[in-house]
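J.: Give me coordinates for this.
(one chain, ligands or ions: 1)
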Amino acid sequence: MNKEVTRVLFVCLGNICRSPLAEGAFQMHVKARGLETEIQTDSAGTSGYHVGEAPDKRSQAVAAKHGVDISGQRSRQFIAEDLTDFHYVIAMDQANLDDIHQLKTAALHASTSLMLSELAEGPREVPDPYYGGTQGFDLVWSMVDDACAALLDRIVRER
Ligand code: 4NP
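T.: Residues are numbered from 1 along each chain as shown. Down below sits the predicted model:
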């Protein structure tokens, strides 16, 4: 490990459902490996719809079920500077990644990728659970939990 601190940002549309769960799951894996001082995280939304709000209650509930407290997170909007402030910017779906790339210039060199591209198989996008039932949030957790474990393996390799 040679970088002092690696910064990882998770991005979805509203920053109240998927990316807060991804950040919570990732932090869980970071803590389990004792890497809290080496790896820092945040999350953001490509929209400003929910700025300042806590994660959706259904996201808070599924995280709590897995022993993770995400209630202190607050939604903020993704900005171009995030592409210099973070080493890894991880999008939940292709629309999020396209919006991120709209702001990307040659000078802004964060690595940008899809969350589920960390996994060799299965769907490529984390489905938006906002308008569905609680089972959609369980599905999001299981997807981001697996992908975050793989992402952390990759980051540790690349540091
Ligand atoms: P997220 O879910 O992008 O996973 O936070 C959504 C939350 C809110 C809305 C859409 C998606 N919305 O349209 O308000």
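J.: which parts of this protein sit against the ligand?
T.: By C-beta under 6 Å from any ligand atom, the residues of the chain that approach the ligand are 12, 13, 14, 15, 16, 17, 18, 49, 128, 130. All C-beta atoms are positioned from the backbone trio N, CA, C, and that covers glycine.
J.: Who wins on neighbours among those?
T.: Within these, residue 18 tops the neighbour count with 35 neighbours, counted by other C-beta atoms under 10 Å.
J.: Look up phi and psi at that one.
T.: phi -80, psi -50 (degrees, to the nearest 10).
J.: Am I right that it is in contact with residue 92?
T.: Yes: the criterion here is C-beta atoms under 8 Å, and residue 18 meets it with residue 92 at 4.5 Å.
J.: Mutual contacts of those two, please.
T.: Taking C-beta atoms under 8 Å, 6 or more residues apart in numbering as the contact definition, residue 18 and residue 92 share the neighbouring residues 10, 12, 126, 128.
J.: for those, which one is nearest the ligand?
T.: residue 12 (3.5 Å; C-beta to the nearest ligand atom).
J.: want to throw the residues of the chain next to the ligand into TSV with pLDDT and secondary structure?
T.: Formatted as TSV, those follow (pLDDT from 0 to 100; DSSP: H, G, I helix; E, B strand; the rest coil):
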residue	pLDDT	secondary structure
12	98	strand
13	98	coil
14	98	coil
15	98	coil
16	98	coil
17	98	coil
18	98	helix
49	97	coil
128	98	coil
130	98	coil
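J.: And the furthest pair within those residues?
T.: The largest separation in these, counting by C-beta to C-beta, is between 18 and 49 at 13.6 Å.
J.: Please consider this matter closed, and thank you.
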